[in-house]
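Novice: Just the structure for this:
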Amino acid sequence: MGFLRKFRALFAILFSLIVISQPAHALVNIDDGRNQVFVSASFNAGYDSNLFGNSEGGGDSSYGVSLSSQFVRRAGWIGLNASVGVNATRYGKYTSENFQNPTFSAEFTKQGGRTTGALTLSAARQSRADTAANIRSESWNYNTGLNFKYPVIERYSFSGTLGYALTDYVDNSVLVDLKSYTFGLDLYYVFTTERDLIAGYKFRRDETSASTQTSDHSFTVGMTGKLISSLTGSIRGGYSYRIPHGHTDGAATYSAWTANTSATWHFTKRFSVTGLLGKDFSTTSTNISVNTITSSVNTQYALNTKTSLNGGVSWGLTDYLGELGGGRRDTNWGWNAGINRTFNDHLKCSLSYNYFRIPPPTNFQNSSAVRLISAPVPFSNFSRHEIVGHILRSPRPAMGCIGLLRFGSFRPNAPDRLFSVGPGSSAKKRGRLHVDANGSVEHQYLSGRRSQRYHPSGLSGSRKLGQVEC
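Specialist: Residues are numbered from 1 along each chain as shown. Below is the predicted model of the structure:
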């Protein structure tokens, strides 16, 4: 009954948010939709039966809010997708685990011309349960990537990847920071109009704050596109090996098969099944090399255009390598189910349940996690139940006002700029920005019903056009 009482409050909050959600002015299109600004907000509430990911971890209810703003530019050769946001969560009992995590990302894309690709940048703070160390961790994660594709001749093309990632833990008393450098090169061959054959090589170098390094080499072949009949996706497999550097525990070279597969079977227009399989080397937060297998099967069924159901099962295996690993082997499995409801273009809700189980790992008392931490460590023998309700609110476009607009600079007698308030071609209001010989800025709706002028005096840098009252 106590369990039900906790969730009565959560469901009441979710229901009240659905009822009281009101339209907000948060989308502005500039230059006839070439520059767009989006703002969204979401609320989630739930209960996690094992917050710390270990055999002694306690459960707690939580609620959280996410706010984000996105800028999209589609003009010229280079497109831009940039976003900034914050995720805040509050716990009922373990208040010391409350967090406010900012996020940032930017993507510069080139879709035209012979060479296409994207440059991505991201930074985010993360709070989570670390099952390798069996504690809860906080870290700053930074990622940079460059992806490109170049067609050589009609059937052959090359694609490449350059990447850098940094995981910087807030507390380094137990956990080690990790830097990763990656390079990959793939050759694509157009086998048919519906599928490509792939052969690739990938190199990754990991460096830790404990002055240890590893080098990974993998060689894979595969296929992407329409695999067979109604099965689409990508399937890749091959051979990989890892070479440790700077380790003092007698670590040797490790080799194993590797895979990266994702495929979806569309049984009907409403029902689909997606399978995932991955296997690769990596370095844990406790500076141990591991070889991990991940697999899952997920289904989705659309009841109608607004409501869909989903569910799935998962299984995984993690082998801890070398003397530091101590022969430890973790297995895990789980299942999930959920329902999604789209009320309109601006309001979506979901309710999900997740079950995750890790039985006692093999040879845990010999692993480095026990030797690194002076206090006794509650190991990874636990079950985890998680129920989460989520509301995503994408505010409606501004209908009767232009909102707050900023531009870099305005030259006297600069060409007029068109603007629209609303999504793309369906914008409810359209207008023109005009700059006269004195540098004064005027925006006027094309309907002629509203006009307002702003003078440049007192404005510098990013000039503010002010705000039109709705």
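
Novice: quick one: strands adjacent to the helix or strand Gly64 falls within?
Specialist: Here Gly64 is covered by strand 60-74, with elements defined by DSSP states H and E. On the basis of DSSP bridges, the sheet neighbours of strand 60-74 come out as strand 35-48 (antiparallel), strand 78-91 (antiparallel).

Novice: Spell out the residue ranges of the helices in this protein.
Specialist: 2-20, 322-325, 368-372 (DSSP state H).

Novice: picking that back up, show me which parts of the strand holding Gly64 are buried, residue by residue.
Specialist: For strand 60-74, the buried set under the neighbour-count rule, 16 or more other CB atoms under 10 Å, comprises Asp60, Ser61, Ser62, Tyr63, Gly64, Ser66, Ser68, Gln70, Val72, Arg73. C-beta coordinates here come from the backbone N, C-alpha and C atoms, glycine included.

Novice: ok, now stretch 317-331?
Specialist: Neighbour counts using 16+ other CB under 10 Å place Thr318, Asp319, Tyr320, Leu321, Gly322, Leu324, Gly325, Gly326, Arg328, Asp330, Thr331 of stretch 317-331 among the buried residues.

Novice: Once you drop chain neighbours, what's closest to the first one?
Specialist: Yep, that's Thr318 we're talking about. Asp330 (4.4 Å; CB to CB, 6 or more residues apart in numbering).

Novice: can you check the third one too?
Specialist: With sequence-adjacent residues excluded and distances taken as CB to CB, 6+ apart, Tyr320 is closest to Arg328, at 4.0 Å.

Novice: again, but for the last one
Specialist: Taking CB to CB, 6+ apart as the measure, Thr331 lies nearest to Leu317, with 5.3 Å between them; neighbours along the chain are not counted.

Novice: Quick check: bridge partners of that neighbour?
Specialist: The residues listed as beta-bridge partners of Leu317 by DSSP bridges are Ile293, Thr331.

Novice: okay but it is in contact with Trp333, surely?
Specialist: No - if you go by CB atoms under 8 Å, Leu317 and Trp333 don't touch, sitting 9.8 Å apart.

Novice: burial count for the residue nearest to Glu207 when sequence neighbours are not counted?
Specialist: Excluding the flanking residues, the one nearest Glu207 by CB to CB, 6+ apart is Lys179, at 4.5 Å. Taking other CB atoms under 10 Å as the criterion, the count of residues near Lys179 is 16.

Novice: Can you give me the end-to-end span of stretch 263-282?
Specialist: The distance separating the two terminal residues of stretch 263-282, taken as CA to CA, to the nearest Å, comes to 24 Å.

Novice: mind showing which ranges of this structure have poor pLDDT?
Specialist: Per-residue confidence for the chain (pLDDT under 70) gives these ranges: 1-33, 247-251, 361-380, 395-470.

Novice: Where does the record place the domain boundaries for it?
Specialist: Per the record's domain assignment (automatic domain parsing), the chain is made up of the domains 2-393, 404-467.

Novice: Out of the ones you listed, indicate the one that is most buried.
Specialist: Each of these was scored by mean neighbour count; the highest is domain 2-393, a mean of 16, by mean count of other CB atoms under 10 Å.

Novice: How far off centre is that domain?
Specialist: For domain 2-393, the distance from its own C-alpha centre to the chain's C-alpha centre is 7 Å (CA atoms, centre = their mean, to the nearest Å).

Novice: Pro322 and Ala132: what is the separation?
Specialist: Let me fix one detail, which is that residue 322 is Gly and not Pro. Noted for Gly322: a distance of 14 Å to Ala132, by CB to CB, to the nearest Å.

Novice: Now the common contact residues for those two.
Specialist: Contact with both Gly322 and Ala132 is made by residues Ile288, according to CB atoms under 8 Å, 6 or more residues apart in numbering.

Novice: thought Tyr63 was touching Ala88?
Specialist: No - under the criterion of CB under 8 Å, Tyr63 makes no contact with Ala88, lying 9.4 Å away.

Novice: now Thr284, nearest residue through space, not along the chain?
Specialist: Using CB to CB, 6+ apart and skipping residues adjacent in sequence, the residue nearest Thr284 is Ala132, 4.0 Å away.

Novice: Likewise for Asn35?
Specialist: Arg73 (5.2 Å).

Novice: Same question for Ala129.
Specialist: Distances taken as CB to CB, 6+ apart put Gly53 closest to Ala129, at 3.1 Å, once the chain neighbours are dropped.

Novice: and the one you found, what does it touch?
Specialist: Counting by CB under 8 Å, 6+ apart, Gly53 makes contact with Ala129, Asp130, Thr131, Asn134, Ile135, Arg136, Ser380, Phe382, Arg384.

Novice: about what we covered before: which residues outside the strand holding Gly64 are in contact with it?
Specialist: Contacting residues not belonging to strand 60-74 are listed as 6, 10, 13, 33-48, 51, 79-94, 97, 103 [CB under 8 Å, 6+ apart].

Novice: on that earlier part again, do I have it right that the residue nearest to Thr318 meets Thr294?
Specialist: No - Asp330 sits out of contact with Thr294 when judged by CB under 8 Å, with a separation of 12.0 Å.

Novice: Among the contacts of Gly53, which one sits closest to Ser215?
Specialist: Lowest distance from Ser215 to these (CB to CB) belongs to Asp130, with 24.3 Å.

Novice: Across the sheet, point out what pairs with the nearest residue to that closest one once chain neighbours are set aside.
Specialist: By the measure of CB to CB, 6+ apart, the closest residue to Asp130 outside its immediate chain neighbours is Ser137, 4.4 Å from it. Beta-bridge partners of Ser137, counted by DSSP bridges, are Arg128.

Novice: Asn172 is in contact with Ser137, correct?
Specialist: No - using CB under 8 Å, Ser137 makes no contact with Asn172, being 10.5 Å away.
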